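Visitor: Sequence plus the predicted model coming up.
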Amino acid sequence: MIDRDEGLEDTELRNEVLTGEDLSKLHATGSTLVACELSAASLIESDLWRVELVDCRMTGVALDRARLRDVTFTRCKLDTATMRGVAGERVTFLDCVLREADLCESTWKESRFLDCDLELANVEGGRFAGCRFHGSSIERVLAADSLRGIVVDPNQTLSLGLRVLDAMGVIADEREAP
């Protein structure tokens, strides 16, 4: 169990069930959570520094206005998570499900979203310039114009290019016969 007032410092938690727990304003440093259940947990306004989360189920977790520095999420399920107004620095999402996640008005500096499922994630008003999205599905992200300045793998450019042409209203049509 996590004591919100004491926080976590240089701690490793495995297989903890924290479904729906109120962990708002939690301070965690140098800690690792492995295979923990954090679905619907509230981590609003939390401060996580040098934290690693591996194989955690975090469906519907609330990380609004959290401060994340040097945090890594590996193979975590963050679908429908709310991360509005997050201030993230050097955050890595590796092989995570962020389907329908709310990343509106968040800032991500030197961060990476690698091999992630971002289907229908909402990034409106987010600041992602310079972030790496290699191998991630970003073709159906909502408010995709907020992804201006991101870095993708060259293999992703064709599908993204088609999305840009569609957004611009460009129509591909066969040439009319003379």
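Guide: Thanks, I have the structure now.

Visitor: alpha carbons only for contacts and neighbour counts from here, please
Guide: Fine.

Visitor: how about the helices in this protein?
Guide: Using DSSP state H, the helices of the chain run over 157-167.

Visitor: Lowest-scoring secondary structure element of it by mean pLDDT?
Guide: Taking mean pLDDT, DSSP states H and E as the measure, helix 157-167 is the helix or strand of the chain with the lowest mean score, a mean of 70.

Visitor: List the buried residues in stretch 147-162.
Guide: Leu147, Val152, Gln156, Leu160 (16 or more other CA atoms under 10 Å).

Visitor: Same question for stretch 133-151.
Guide: Phe133, His134, Gly135, Ser136, Ser137, Ile138, Glu139, Val141, Leu142, Ala144, Ser146, Leu147.

Visitor: From Gln156, how far out is the second one?
Guide: The span separating His134 from Gln156 equals 8 Å under the rule CA to CA, to the nearest Å.

Visitor: now swap in the fourth one and tell me
Guide: As for Ser136, its distance to Gln156 is 9 Å (criterion: CA to CA).

Visitor: list residues touching both of the two?
Guide: Residues within reach of Ser136 and of Gln156 at once, by CA atoms under 8 Å, 6 or more residues apart in numbering: there are none.

Visitor: Thank you, goodbye.
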